[in-house]
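> Output the structure for:
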Amino acid sequence: MPPALIEALRKAHERGSRILSICSGVFVLAAAGLLAGKRATTHWRYSEKLTEMYPDITVIPDVLYIDEGNVLTSAGSAAGIDLCLHLVRRDFGTKAANMVARRLVVPPHRDGGQAQYVESSVPEPHERSRLGPLIDRMRADISADYPVAILAELAGMSERTFLRRFAAATGVTPARWLLSERLSRARTLLEDTAMPIERIAETAGFGAAGTLRHHFRRQFATTPVAYRARFGNTARSA
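Residues are numbered from 1 along each chain as shown. Modelled structure (predicted):
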């Protein structure tokens, strides 16, 4: 890497700038020492090489992106768009991110932990007729309990087949898909309503405010109250 580039990155990092890499750009951040002791990802083709060259980095090979605060890394080029939308969402809220996504003609939100490689981006017709209505049903009643056994029965599959085909179609497990959907619902309620946190937790399927706070902090590094203060309609109009 050009020494001048490495030096510029280090100085920017020391000033508190956020630095983001897309695909193999992670090797530049690694060379600058910005990822030492941190988690990082890259395109799945380069994960082993990154681990080999920089053993002090915890390489997570099968995710779309990783947010470590001021240093963020993503997988391939498409995942870089997901990460940039994640930053827009983090800074300006869900509505702004959705607006940008519409202009880019891309999905408004793909969770960072989603697998890089999805076996089938669109399920086979006979599976789409079973998984599609099931996913719509889960979205329509996001607060309900969805044991795998019940989901498999509704889809007309064995549990093992259901788990395999759900992951092939969505890139995640049913539990992770539900968590992502519930967090998205909670954010929308925090932004657009004055509903109490306890009620939001119930409506979004978390059951209790403590559970919502736990997952919210883990996913977004903030609390529901702080998120509402920043992105809620009242906060934006003040």
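
> What's the separation between the residue lying closest to residue 225 once chain neighbours are set aside and residue 54?
Excluding the flanking residues, the one nearest residue 225 by CB to CB, 6 or more residues apart in numbering is residue 197, at 6.8 Å. For the C-beta atoms, the positions are set from N, CA and C on the backbone; glycine is no exception. To residue 54, residue 197 is 41 Å away according to CB to CB, to the nearest Å.

> Then residue 230?
35 Å.

> These two - which one has more neighbours?
residue 54 (19 against 16; other CB atoms under 10 Å).

> Tell me the predicted confidence for that one.
Listed pLDDT for residue 54 reads 97.

> surely it meets residue 37?
No - using CB atoms under 8 Å, residue 54 is not in contact with residue 37; the gap is 10.6 Å.

> Find the residue ranges of the chain scoring beneath the pLDDT cut-off.
The chain contains residues with pLDDT under 70 at 107-129, 234-238.

> can you map out the helices along it?
With DSSP state H as the criterion, the chain has helices at 3-14, 26-31, 47-53, 77-92, 94-104, 125-140, 148-155, 159-170, 174-192, 197-203, 209-220, 224-231, 233-237.

> Tell me which of those sits most buried.
Ranked by mean neighbour count, the helices of the chain are led by helix 26-31 with a mean of 21 (mean count of other CB atoms under 10 Å).

> Show residues contacting that one.
For helix 26-31, the surrounding residues in contact (CB atoms under 8 Å, 6 or more residues apart in numbering) are 1, 5-6, 9, 19, 21, 35, 40-42, 46, 50, 53-54, 57, 71, 73.
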